[in-house]
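S.K.: Give me the fold of what follows.
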Amino acid sequence: HRFEFRACGSSQNVSLINTVLGSIVAAQFKLIADRVEKGEDAVAVAQELLKKHMKSVYNGNGYDPAWPKKAEEKGLWVIPSGVDAILKFTDEKNTKMFEELKVLGPEEVKARQTCLLEQYLLTVETECKCMIDMIKMHVIPSCKASGLDDKGACEAGMKLLEDCLGQIHAAELQDAAKMCRTLRLETMIQVRKTIDELEGKAAPSCWTLASYKDLWFIDQNS
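M.R.: Residues are numbered from 1 along each chain as shown. Sure thing, here's the model as predicted:
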C-alpha cells in the first residue's frame, strides 16, 4: 500500500511536520509491539488492524469534490484548512500521544499551537495591509489618471479590509485565526475581483501595477 503526504508550504519549517508524522508512526508501532509482547500473534494483530483501517486506503481521484463527503461517510477525518488543523493540535488524544512518547508535554503542545496561530495571523495581516496600500498607492491613482470612475468601490474595499482587521485585533487568538482565514480566502478575493474589473477598464498606460503580460514577458519589458 502507498501513502501520500503533501509537501508543506514553501515558508514552513518541516521539523514540526516530521515530529508529528514520526510520533504517529511510533505510537502505532508501540501499540502493535505491546500486543505482541503480551502473547498475541503478530500476523493476527496486523490482519485485524488492516481490516479495521482499510477504509483509509483510497486509490480514486483525491481531487474529486465528492471525495471529502465520501471520506466523512467512511468515518475518516476531513480537516478543510490549516487553521482547523492547528486548532486540532491540542486535542486530548494528540496531547496524550505526545506525552506518552515523551516527545512533547501538554504545555509544549499548547505553546506550539499558539506560535502557529500567531504566525498565521501575522502573515494574513501583512498581506491584507499590503493590499490596502496597493489600492491606495496604485489602484486609485491609476483609475483617476485613466479618467475611470470606480463609484467608490476602492474606498469601500479598503474600509471592508480595515474593518475586518479591527475585528481580528479585538478577538481572542483562536477566533482571530478563524476570522483571518475568512479574510484571506473570501474577503480579500472579493476585493481582488473588483480591482481586476477596474484594471480591465483602465488604460494600460495609466495602470502602475505590473500586468500579467508584464510578468510573463519581464525580460522584454525590463
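S.K.: Please, which helix or strand holds the closest residue to residue 11 other than its chain neighbours?
M.R.: Distances taken as C-beta to C-beta, 6 or more residues apart in numbering put residue 123 closest to residue 11, at 8.0 Å, once the chain neighbours are dropped. Any C-beta I mention is one placed from the backbone N, CA and C, and that applies to glycine too. If you go by DSSP states H and E, residue 123 is part of helix 106-134.
S.K.: Show me what that helix is packed against.
M.R.: Other elements packing on helix 106-134 under the criterion 3 or more C-beta pairs under 8 Å, 6 or more residues apart in numbering; DSSP states H and E are helix 82-88, helix 92-100, helix 153-170, helix 173-182, helix 188-201.
S.K.: can you pull the alpha-carbon coordinates of the first one into CSV?
M.R.: What that stands for is helix 82-88. Written as CSV, here are the backbone C-alpha positions of helix 82-88 (Å, rounded to 0.1, in the frame of the first residue of the first chain):
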residue,chain,number,x,y,z
GLY,A,82,-4.7,24.8,8.0
VAL,A,83,-6.3,26.8,10.8
ASP,A,84,-8.7,23.9,11.6
ALA,A,85,-5.7,21.5,11.7
ILE,A,86,-3.8,23.8,14.1
LEU,A,87,-6.8,24.0,16.4
LYS,A,88,-6.9,20.2,16.5
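S.K.: Show the low-confidence segments of this protein, by residue range.
M.R.: 1-6, 221-222 (pLDDT under 70).
S.K.: Nearest residue to the middle of it?
M.R.: residue 82 (3.5 Å; C-alpha atoms, centre = their mean).
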